[in-house]
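Novice: Sequence first, then the predicted structure, then my questions.
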Amino acid sequence: MIAWKSLAGSDVDTAGSVHFRGVGDGRTEVRVALKYDPPRGKVGVKLLEWAEGSRESQGRDVLAWFKQVAEVSDRVRTK
């Protein structure tokens, strides 16, 4: 499991976790839980969705990227 939480006083209140569970045949189930409270409440959510797409679609994109990297590489490189 990987988990995180924003620090007190952060501009955006966020927390989450990623859970990994072996399901057999060399496969792994990945579950993600996110909590995100943007500034300005519902208005802030709509503005972010307009600018960046929905949180759900962003999450799917990140998980698809992670799946691809995990399946073809034994380590992840970042710059």
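Specialist: Happy to help now that I have it. Numbering: from 1, shown residues only.
Novice: residues of the longest helix along the chain that come out buried?
Specialist: Counting residues, the longest helix in the chain under DSSP state H turns out to be helix 55-72. Using 16 or more other C-beta atoms under 10 Å as the test for burial, helix 55-72 gives no buried residues. Bear in mind the C-beta positions are built from the backbone N, C-alpha and C, glycine included.
Novice: Give the other helices and strands that that helix contacts.
Specialist: If you count contacts as 3 or more C-beta pairs under 8 Å, 6 or more residues apart in numbering; DSSP states H and E, helix 55-72 packs onto strand 27-37, helix 41-52.
Novice: confidence score at the residue most central in space within the chain?
Specialist: Taking C-alpha atoms, centre = their mean, the centroid of the chain lies closest to Gly59, which sits 5.1 Å from it. On the pLDDT scale, Gly59 is placed at 73.
Novice: Hmm, it is touching Leu34, no?
Specialist: Yes. At 6.9 Å, Gly59 counts as touching Leu34 under the criterion of C-beta atoms under 8 Å.
Novice: Quickly list what's touching both of the two.
Specialist: Shared contacts of Gly59 and Leu34, defined by C-beta atoms under 8 Å, 6 or more residues apart in numbering, are absent.
Novice: Could you list the low-pLDDT ranges of this protein?
Specialist: Filtered on pLDDT under 70, the chain yields the residue ranges 38-41, 45, 48, 51-58, 73-79.
Novice: how near is the residue located most distally from the centre of it to Phe66?
Specialist: Within the chain, Asp25 marks the point farthest from the mean C-alpha position, 25.4 Å out by C-alpha atoms, centre = their mean. For Asp25, the distance to Phe66 equals 19 Å [C-beta to C-beta, to the nearest Å].
Novice: same question, Asp11
Specialist: Taken as C-beta to C-beta, the span from Asp11 to Phe66 is 26 Å.
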